[in-house]
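Chemist: Let me see the structure of the following:
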Amino acid sequence: MPAAEAAGGLRRARLRAGVAGAYLLGVLGAAVAQPPTESQRILECVVDNLPDAARLESVSVSTAALGGGEGTPREIELDIAVRSHEGNLQARALVRAPEDLRGTAYLYRARRDGGADIYHHAPDLGRTRRIAGADSAGTVFDTAVTFSDLTEGMRTLRSSSVSLRPQRAGDPENVREFVVLPPPGADLQLSRIELRVRTDACAVVGARVYGAGRELLREATVPPDALRRDADGHWYPARVRVANPEIELVSEITVGRFAVDTGLSGRWFESESFHHME
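Modeler: Numbering: from 1, shown residues only. Prediction:
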């Protein structure tokens, strides 16, 4: 495939990015320059399944101790807006409930160099700060998801090699697994990412992230009955379970509703105004 055509395909793919599909863009970028293969066909199908326009999602998150344990699960309701700006993913999350977190907001802005800027707004302090350095190890809204998941995961996928794992006896016919490895010498904290794709729905239904010591850092799964189709026929996960063994938390993420091509305000994606309750 000519380099110009491959680059054009990747730019178009970025315009389809949503919350569930952001990580797949890096995989497609690694695969799209290779000759057409079964691996590339599956990944292109996944990207084609993502909506073409910006979206606004209403999401609820329930976080509890991994493996059970004492304590009441922490419940959060938030709105997530996602768009592509000049080919780069931007996402804004704003808490609606509980009341003590209402107005708390995060902004994610991918950069052309493969990095990302993340901002946090604390309404009780009335200030906004950029997440950097040691703060990057913190969690998003006290859930099982960390800021490093957003930055390191994308960097790994954008500078990686990807391979389709051969099917094994007993594997479902409609599920294929990909192994993503960073190149030797890459300055990344992740050693590999394993992705599970349901080929009949062109949707990612599972992911495992391993650290430099090959320890399991995260595991995300979509229950078999949790895939839904929107009005345009795109498949999306209505529920996702994210387990974080490092901090012994598990979060159940449920998408209540979402709207596509909503004419989202550009103010939602600017560091000075993303926290406004519009």
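Chemist: hang on, Ser39 in a helix?
Modeler: Yes. Under DSSP: H, G, I helix; E, B strand; the rest coil, Ser39 sits within a helix.
Chemist: Show me the shaky parts of this protein.
Modeler: Applying pLDDT under 70 to the chain flags the ranges 1-36, 52, 69-71, 114, 133-137, 152-160, 185-188, 261-262, 277-278.
Chemist: Point me to the residue sitting farthest from the middle of it.
Modeler: Largest separation from the mean C-alpha position in the chain: Ala169, at 30.1 Å (Cα atoms, centre = their mean).
Chemist: I'd guess that one is in a helix, am I close?
Modeler: No. Assigned with three-state DSSP, Ala169 falls outside any helix and is coil.
Chemist: what's the helix or strand for Phe255?
Modeler: Just so we're on the same page, residue 255 is Val rather than Phe. strand 249-260 (DSSP states H and E).
Chemist: For that strand, name the packing helices and strands.
Modeler: strand 55-65, strand 235-237, strand 239-244 (3 or more Cβ pairs under 8 Å, 6 or more residues apart in numbering; DSSP states H and E). The way it works is simple: take the backbone N, C-alpha and C, and place the C-beta from them, glycine included.
Chemist: Test my guess that Val197 contacts Pro172.
Modeler: No. Val197 lies out of contact with Pro172 (Cβ atoms under 8 Å); the separation is 11.2 Å.
Chemist: In terms of neighbours, single out the busier of those two.
Modeler: Each of Val197 and Pro172 has its neighbours counted (other Cβ atoms under 10 Å); Val197 has more, 23 against 12.
Chemist: bridging residues for the residue nearest to Ala259 when sequence neighbours are not counted?
Modeler: Excluding the flanking residues, the one nearest Ala259 by Cβ to Cβ, 6 or more residues apart in numbering is Leu56, at 5.0 Å. Bridge pairing for Leu56 (DSSP bridges) gives the partners Ala81, Ala259.
Chemist: With Val180 instead?
Modeler: Applying DSSP bridges to Val180, the residues it is bridged with are Val162, Ile193.
Chemist: what about it, how many residues close to it?
Modeler: 22.
Chemist: Distance of it relative to Leu216?
Modeler: To Leu216, Val180 is 15 Å away according to Cβ to Cβ, to the nearest Å.
Chemist: same question, Leu150
Modeler: On the measure of Cβ to Cβ, Leu150 and Leu216 end up 18 Å apart.
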